[in-house]
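1. Generate coordinates for the sequence data below:
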Amino acid sequence: MRREGLAKDSDIWTDKLRDLRLWASYRGQTLSRTVRGMMYYYRALKMLTFLDSASEMDIREGARELVSMRHDDLESSNSKSPSSKSLSRASSSVSLLFKGHEYGTALMKFTYVIACQIYGTQKEKKDPHADEILYLMQNNEALRVAYVDEKTTGRDEKEYYSVLVKYDQQLQMEVEIYRVKLPGPLKLGEGKPENQNHAIIFTRGDAVQTIDMNQDNYFEEALKMRNLLEEYRSYYGIRKPTILGVREHIFTGSVSSLAWFMSAQETSFVTLGQRVLANPLKVRMHYGHPDVFDRFWFLTRGGISKASRVINISEDIFAGFNCTLRGGNVTHHEYIQVGKGRDVGLNQVSMFEAKVASGNGEQVLSRDVYRLGHRLDFFRMLSFFYTTVGFFFNTMVVVLTVYAFLWGRLYLALSGVEESMESNSNDNKALGTILNQQFIIQLGLFTALPMIVENSLEHGFLQAIWDFLTMQLQLSSVFYTFSMGTRSHFFGRTVLHGGAKYRATGRGFVVEHKRFAEIYRLFARSHFVKAIELGLILVIYASHSPVATDTFVYIALTITSWFLVASWIMAPFVFNPSGFDWLKTVYDFDDFMNWIWYSGSVFAKAEQSWERWWYEEQDHLKG
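-> Numbers count the residues shown, from 1 in each chain. As a prediction, the model looks like this:
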């Protein structure tokens, strides 16, 4: 900022505060980053319009102007005189080129609506967040905000309106464009799909792209949007596409080792995986959020998101189910990509996986999957099973196999059958080989295979192998085994008891130490209790089994199970930043003991009192 006229460093907290905050926001997963990314479409459209209509002379002249401006900038920065021009460098140089009609054309072709349902209440409460959203509208003229307005009429009656606002550059104030009366309160179903459905009426044009708040975009990708939309004209199979899938570029890989594992897994899933699903398997259901929907097709078939409570918790894949059942066509194209941030801390990753697994449990119970199962042909049905419900089902079977095996061995050892079997020791060798197969699945080597292929495609084979080895050294196997436990626990629980809920994972800057009590609350039921049970079985088996006298056979039989136990107990602490800091450990212990002994009033939260947490954990069993 010194180059741009910052006199003394303390000014950064006064004059340059907004710049500083924007700088920080563009490095997180925030709304301002998404807005900046998506507004590249507007800039790209203006540029394309200019190039379409400009003469050779215009372009030459423009290039000369840009070069001279660049030259002036360099000279001014060399002589260290504060250049006021360089801040608005990009915008001013581009606006010199344009004749004026480009703005109109770009605004006709592109609108950007933020669905922010609480903006109205934020304005009433004078919440600073409202000012920030207004600031975004001031700086981006193609930006609109859709929110829900509650008006109190009479004693207890409320009226609800869907409102669309924009910032008027002439009047220098926020103005209302539309106000649509709603029959009742908005949130009857899940929050996110309801939010999308209330804002879709304010969009224009033939195609709509639904963007999550943790995404970003790149200017060079925005230039190719025109080409992507041309795909609506070509046939894929017997009909034109209704959802155009595009790939995502996961930009959070460098934050931590966990973020790297997640981004590698995700990248192989949104590229190779989706490619194969779309063609030849023809079972790609809409996954990512950069996907472009055929707006007219979806508007006449009940909107892009199903919003029934609980069952449609994974609203994006239900859009794909809906599309396929109603005769639509989902494709995947890979000449454009949109940036996406993923979760980075273990607690967030687990919450995310819990949400996905619960959502999958709900899918098993849903009508959509039932109907698809009845109507797909045999081969597509197999592919469909493998890519949606089957993946989680198989994970659960793997974990249940470990249980069945260990309880079985324990029963044989304690009942004395094993001693009579001992004379025929070939059985144990056979069992050992079978178990080692399970070990390969459990280690996440199967989940890692697509990553190796994906990396060898993008970076070359040797680099891919090197990356894989590095991951193993950073204990990726421990993480994959742990996340397998998360998946199977939440999937099984949802199928048996229901109770899937949208978990707000929160995408903050998470390189911070998590308290022991918090980790315990999150993983006690899903991992720790189960791991301790398995560990106890293994110990008792070791002391009572004649097999245990032959150390090698015992190790061959149980090493996989010991690895599972160790991963499930240790992973949250191994991947916790400064998890082995002595002072933090002392604080964590105090915190944990307070949580255990605090009996708590009626109003205590689960974070404060062990008792409250316990009742909340058992809550789903009542249903």
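
2. Check which residues of stretch 5-19 are buried.
-> K16 (16 or more other C-beta atoms under 10 Å). Any C-beta I mention is one placed from the backbone N, CA and C, and that applies to glycine too.

3. And that stretch, how far out from the chain middle?
-> 35 Å (C-alpha atoms, centre = their mean, to the nearest Å).

4. before we move on, what about stretch 28-44?
-> Centroid separation for stretch 28-44 versus its chain: 17 Å, with C-alpha atoms, centre = their mean.

5. same question, stretch 167-178
-> Counting by C-alpha atoms, centre = their mean, stretch 167-178 comes out at 34 Å from the chain centroid.

6. Buried residues, that stretch. List them.
-> Under the neighbour-count criterion of 16+ other C-beta under 10 Å, stretch 167-178 has 167, 174 buried.

7. Report the mean confidence score over it.
-> What stretch 167-178 shows for mean pLDDT is 94.

8. in the helix ranked longest in the chain, what counts as buried?
-> Within the chain, and with DSSP state H defining each element, the longest helix by residue count is helix 389-415. Going by neighbour count (16+ other C-beta under 10 Å), the buried part of helix 389-415 is 389, 392-393, 395-396, 398-399, 402, 405-406, 409-410, 412-413.

9. Quick one: mean pLDDT over it.
-> Taken as a whole, helix 389-415 has an average pLDDT of 91.

10. swap in stretch 367-376?
-> The pLDDT scores in stretch 367-376 average 93.

11. do stretch 574-593 as well
-> Stretch 574-593 comes out at a mean pLDDT of 92.

12. Might you report the residue contacts of G492?
-> 361, 396 (C-beta atoms under 8 Å, 6 or more residues apart in numbering).

13. what ranges do the helices span in the stretch 501-623 of the chain?
-> Along the stretch 501-623 of the chain, counting by DSSP state H, counting those that start in this stretch, helices occupy 516-523, 529-544, 551-574, 582-597, 610-618.

14. Turn the ones you listed into a markdown table, columns for mean neighbour count.
-> Output for the helices of the stretch 501-623 of the chain, formatted as a markdown table (neighbours: other C-beta atoms under 10 Å):
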| stretch | mean neighbour count |
| --- | --- |
| helix 516-523 | 20 |
| helix 529-544 | 16 |
| helix 551-574 | 19 |
| helix 582-597 | 13 |
| helix 610-618 | 14 |
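
15. Tell me, how many residues neighbour L449?
-> 12 (other C-beta atoms under 10 Å).

16. Show me which positions of the helix or strand containing it end up buried.
-> Here L449, judged by DSSP states H and E, is contained in helix 445-459. Using 16+ other C-beta under 10 Å as the test for burial, helix 445-459 gives 447-448, 450-452, 454-456.

17. out of the residues you listed, who's nearest M39?
-> Of all those, M39 sits closest to E454, with 30.5 Å by C-beta to C-beta.

18. show me the residues around that closest one that make contact.
-> Counted by C-beta under 8 Å, 6+ apart, E454 has contacts 264, 267-268, 271-272, 464.

19. switch to 6 Å and redo it
-> 268, 272 (C-beta atoms under 6 Å, 6 or more residues apart in numbering).

20. mind checking how far it is from G273?
-> Separation of E454 from G273 (C-beta to C-beta, to the nearest Å): 9 Å.

21. related to what we said a few turns ago, and which of the buried residues of helix 445-459 is nearest V565?
-> T447 (20.1 Å).

22. ok so G373 is a helix residue?
-> Yes. Assigned with DSSP: H, G, I helix; E, B strand; the rest coil, G373 falls within a helix.

23. Tally up the residues packed near it, please.
-> By other C-beta under 10 Å, 12 other residues sit near G373.

24. how much space between it and R233?
-> G373 sits at a distance of 33 Å from R233 (criterion: C-beta to C-beta).

25. Next, the contact list for L277, please.
-> 283-284, 387.

26. Buried residues of the helix or strand in which L51 is found, list them for me.
-> Assigned by DSSP H and E, L51 belongs to helix 40-53. The neighbour-count check on helix 40-53 (16+ other C-beta under 10 Å) flags 40-50 as buried.

27. and the following helix or strand past that helix, average pLDDT?
-> Using DSSP H and E, the helix or strand that follows helix 40-53 in sequence is helix 56-78. Across helix 56-78, pLDDT averages out at 76.

28. who does helix 56-78 touch, helix- and strand-wise?
-> If you count contacts as 3 or more C-beta pairs under 6 Å, 6 or more residues apart in numbering; DSSP states H and E, helix 56-78 packs onto helix 89-97.

29. Now do the very next helix or strand once past the helix it packs on: distance to the chain's middle.
-> Once helix 89-97 ends, the next helix or strand along the chain (criterion: DSSP H and E) is helix 101-109. Put simply, helix 101-109 sits 33 Å off its chain's centre (C-alpha atoms, centre = their mean).

30. on that earlier part again, how much does the longest helix of the chain deviate in direction from helix 529-544?
-> 30 degrees (axes from the mean of the first three to the mean of the last three C-alpha atoms, to 10 degrees).

31. and helix 389-415, what does it pack onto?
-> With contacts taken as 3+ C-beta pairs under 6 Å, 6+ apart, helix 389-415 sits against helix 346-365, helix 476-497, helix 529-544.

32. what's the spacing between it and its chain's center?
-> For helix 389-415, the distance to the chain centre is 31 Å (C-alpha atoms, centre = their mean).

33. Could you do stretch 172-185 as well?
-> Distance, centroid of stretch 172-185 to centroid of chain: 30 Å (C-alpha atoms, centre = their mean).

34. likewise stretch 592-599?
-> Between the centre of stretch 592-599 and the centre of its chain there are 34 Å (C-alpha atoms, centre = their mean).

35. what secondary structure does L164 sit in?
-> In three-state terms, and counting by three-state DSSP, L164 is strand.

36. Correct me if wrong: it contacts E176.
-> No. Judged on C-beta atoms under 6 Å, L164 makes no contact with E176 at a distance of 7.3 Å.

37. pLDDT below threshold where in the stretch 51-200 of the chain?
-> Applying pLDDT under 70 to the stretch 51-200 of the chain flags residues 73-97.

38. name the element the residue most central in space within the chain belongs to?
-> Geometric centre of the chain, nearest residue: R342, 5.0 Å, by C-alpha atoms, centre = their mean. Of the helices and strands defined by DSSP H and E, none includes R342.

39. Tell me which helix or strand E150 sits in.
-> Per DSSP H and E: strand 143-153 holds E150.

40. Kindly report the same for V246.
-> strand 243-250.

41. Tell me the buried residues in that strand?
-> By 16+ other C-beta under 10 Å, the buried positions in strand 243-250 come out as 243-250.

42. Now do the helix or strand just after it: which elements does it pack against?
-> In the C-terminal direction, the helix or strand that comes right after strand 243-250 (DSSP H and E) is helix 257-268. Counting contacts by 3+ C-beta pairs under 6 Å, 6+ apart, helix 257-268 is packed against strand 243-250, helix 445-459.

43. Just the residues contacting helix 257-268, thanks.
-> With C-beta under 6 Å, 6+ apart as the test, helix 257-268 has contacts from 250, 252-253, 342, 344, 346, 349, 450-451, 454, 474, 476, 479, 575.

44. would you list the residues you listed in CSV and tack on distance to S526?
-> Formatted as CSV, the contacts of helix 257-268 follow (distance: C-beta to C-beta, whole Å):
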residue, distance to S526
I250, 25
T252, 24
G253, 26
R342, 21
V344, 20
L346, 13
V349, 13
P450, 25
M451, 25
E454, 29
Q474, 23
S476, 20
F479, 15
F575, 16
